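Novice: just need the structure, nothing else, for what follows:
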Amino acid sequence: MSQKQQPGEHVFLELRARDAWNQRDYQLALETATEAARIARHNADDNAWWNMTFLMAECLKKTGDYASAQHLAESLKVDALTSRYSDLAARVSIFLAGVMQGQGDLSGAATEARCAVTSGASATGSPELRITAQHALIAALAESDRIDDAWEACLELAEIITPAVAPQIAGEAYWAIGNVAYLRRDTVAGTDYHRRAAGSLSPSNDLDLWAHFNRASAALRLAAGVVEPETLECIERAELAASIVGGSERDKLELSLTRAHWLFLTGQYDAAIERLRPICRSATNIASQTAAEAHQLLGQSLTHSGDPLEGLFQLERSQELFRQAGALDREAQVARLIDDVHRSVES
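Specialist: Sure thing, here's the model as predicted:
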């Protein structure tokens, strides 16, 4: 029988893995967490093994390997420790909802998010976990174009945000509610909740999250047709933060898409096309619904710049991708755009 390795060894590796994560060196964090999990398993330390395996999944997501992250998280979901503790089950389902949404599986994301809400409600002393689970559900429903259901979930979320909730968690919750308000075309409520989010989130606490928030806020404002200086400021803050933290290829493509949307809405069609072409060529690196948005904007920009035939091709690709993602309302919206282009070409 092999000798057990020293318990302190995997503790030291855990600390190194967390430190690498905090330094945004996700590859080093993954490698160190993998070794820490191996030793923890060898020493029968189930809690340490679980935490390091979950960190491995988070690192895989950060490096853009969503499929491997999902596979690893699914193995954790059926683990005996996860089944025993509601808080662990909620964490895994929240994570799975995010990676499924990131791969365009919106139905699966909504199902996992509902599991997270159920588990989160059973976890004792974890109001912030319940908020995060509700946040995941809202995101999945909104991306699936189930806006009324998402708004109902937002109203439930608003009731559980109390002064006792950590500012960062409250900020993410306000962010989610504002997103859905914009999707409902309620720009007043959307702007109000995003301002609350900006007041709660801090770039000094998590610059990466700050970049994501500002990009997402700008994207939702643009989707609602809010083209004003405050929207451009969000884009510029996101670009500045991203230039500092770096980010994955997916992050860079999504941020470039947001800038392209601004260019399109401000009538700078040639500049929008120049940005959109490389995004569409790299569409496999982003979620199906996000790629669909890029092809839609490229199709509209081409049509406005005098190339309706290529514009139609891009719009048809957008329609197909929205259909694949299960975003049927946006698929129907693109179908109407295609009909409009056909009529203009025939007239």
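Novice: so where's the stretch 1-150 of the chain uncertain?
Specialist: Scanning the stretch 1-150 of the chain for pLDDT under 70 picks out 1-8, 124-125.
Novice: now do the helices in it.
Specialist: 7-22, 26-42, 46-62, 66-77, 80-84, 86-102, 106-122, 127-143, 147-159 (DSSP state H, counting those that start in this stretch).
Novice: can I get those in a markdown table including mean neighbour count and distance to residue 186?
Specialist: In short, each C-beta sits where N, CA and C put it, glycine included. Below are those laid out as a markdown table (neighbours: other C-beta atoms under 10 Å; distance: least, C-beta to C-beta, whole Å):
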| stretch | mean neighbour count | distance to residue 186 |
| --- | --- | --- |
| helix 7-22 | 17 | 37 |
| helix 26-42 | 20 | 37 |
| helix 46-62 | 21 | 31 |
| helix 66-77 | 18 | 32 |
| helix 80-84 | 13 | 38 |
| helix 86-102 | 23 | 23 |
| helix 106-122 | 21 | 22 |
| helix 127-143 | 24 | 13 |
| helix 147-159 | 17 | 9 |
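Novice: make CSV from those and add distance to residue 328 to it.
Specialist: Shown next, in CSV, are the helices of the stretch 1-150 of the chain (distance: least, C-beta to C-beta, whole Å):
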stretch, distance to residue 328
helix 7-22, 38
helix 26-42, 35
helix 46-62, 27
helix 66-77, 23
helix 80-84, 33
helix 86-102, 16
helix 106-122, 10
helix 127-143, 12
helix 147-159, 12
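Novice: closest to residue 218 out of the ones you listed?
Specialist: Across these, residue 218 has its closest neighbour in helix 127-143 (16.2 Å, C-beta to C-beta).
Novice: dump that closest one to PDB, keeping only the CA atoms.
Specialist: The C-alpha trace of helix 127-143 is given here as PDB (Å, rounded to 0.1, in the frame of the first residue of the first chain):
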ATOM      1  CA  PRO A 127     -28.900  34.300   1.300                       C
ATOM      2  CA  GLU A 128     -26.100  35.300  -1.100                       C
ATOM      3  CA  LEU A 129     -26.100  31.900  -2.700                       C
ATOM      4  CA  ARG A 130     -29.900  32.200  -3.200                       C
ATOM      5  CA  ILE A 131     -29.400  35.500  -4.900                       C
ATOM      6  CA  THR A 132     -26.700  34.200  -7.200                       C
ATOM      7  CA  ALA A 133     -28.900  31.200  -8.100                       C
ATOM      8  CA  GLN A 134     -31.800  33.600  -8.900                       C
ATOM      9  CA  HIS A 135     -29.400  35.700 -11.000                       C
ATOM     10  CA  ALA A 136     -28.500  32.600 -13.000                       C
ATOM     11  CA  LEU A 137     -32.100  31.800 -13.700                       C
ATOM     12  CA  ILE A 138     -32.900  35.400 -14.800                       C
ATOM     13  CA  ALA A 139     -29.900  35.300 -17.200                       C
ATOM     14  CA  ALA A 140     -31.000  32.000 -18.800                       C
ATOM     15  CA  LEU A 141     -34.600  33.100 -19.100                       C
ATOM     16  CA  ALA A 142     -33.700  36.400 -20.600                       C
ATOM     17  CA  GLU A 143     -31.300  34.900 -23.200                       C
END
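Novice: how far out from the middle of the chain is that helix?
Specialist: Centroid separation for helix 127-143 versus its chain: 12 Å, with C-alpha atoms, centre = their mean, to the nearest Å.
Novice: other SSEs contacting that helix?
Specialist: Using 3 or more C-beta pairs under 8 Å, 6 or more residues apart in numbering; DSSP states H and E, the elements in contact with helix 127-143 are helix 86-102, helix 106-122, helix 147-159, helix 167-183.
Novice: would you confirm that residue 264 contacts residue 299?
Specialist: No. The pair residue 264 / residue 299 is not scored as a contact, 10.6 Å apart, by C-beta atoms under 8 Å.
Novice: can you pick out the residue with more neighbours from the two?
Specialist: Each of residue 264 and residue 299 has its neighbours counted (other C-beta atoms under 10 Å); residue 299 has more, 28 against 23.
Novice: ok, residue 74 - contacts?
Specialist: Neighbour list for residue 74: residue 96 [criterion: C-beta atoms under 8 Å, 6 or more residues apart in numbering].
Novice: OK, contacts around the closest residue to residue 132 other than its chain neighbours?
Specialist: Nearest residue to residue 132, sequence neighbours excluded (C-beta to C-beta, 6 or more residues apart in numbering): residue 94, at 5.7 Å. For residue 94, the contact set (C-beta under 8 Å, 6+ apart) comprises 112-113, 116, 132-133, 136.
Novice: likewise residue 107?
Specialist: 144, 326.
Novice: once you drop chain neighbours, what's closest to residue 98?
Specialist: Leaving aside its chain neighbours, residue 98 sits nearest to residue 136 (6.6 Å; criterion: C-beta to C-beta, 6+ apart).
Novice: please disregard the earlier target; I meant residue 291.
Specialist: Spatial nearest neighbour of residue 291, chain neighbours left out: residue 283 (3.8 Å); criterion: C-beta to C-beta, 6+ apart.
Novice: can you check residue 315 too?
Specialist: Closest residue in space to residue 315, ignoring its immediate chain neighbours: residue 299 at 3.6 Å, by C-beta to C-beta, 6+ apart.
Novice: hmm, residue 321 and that neighbour touching each other?
Specialist: No. In this structure, residue 299 is not within contact of residue 321 by C-beta under 8 Å, at 11.7 Å.
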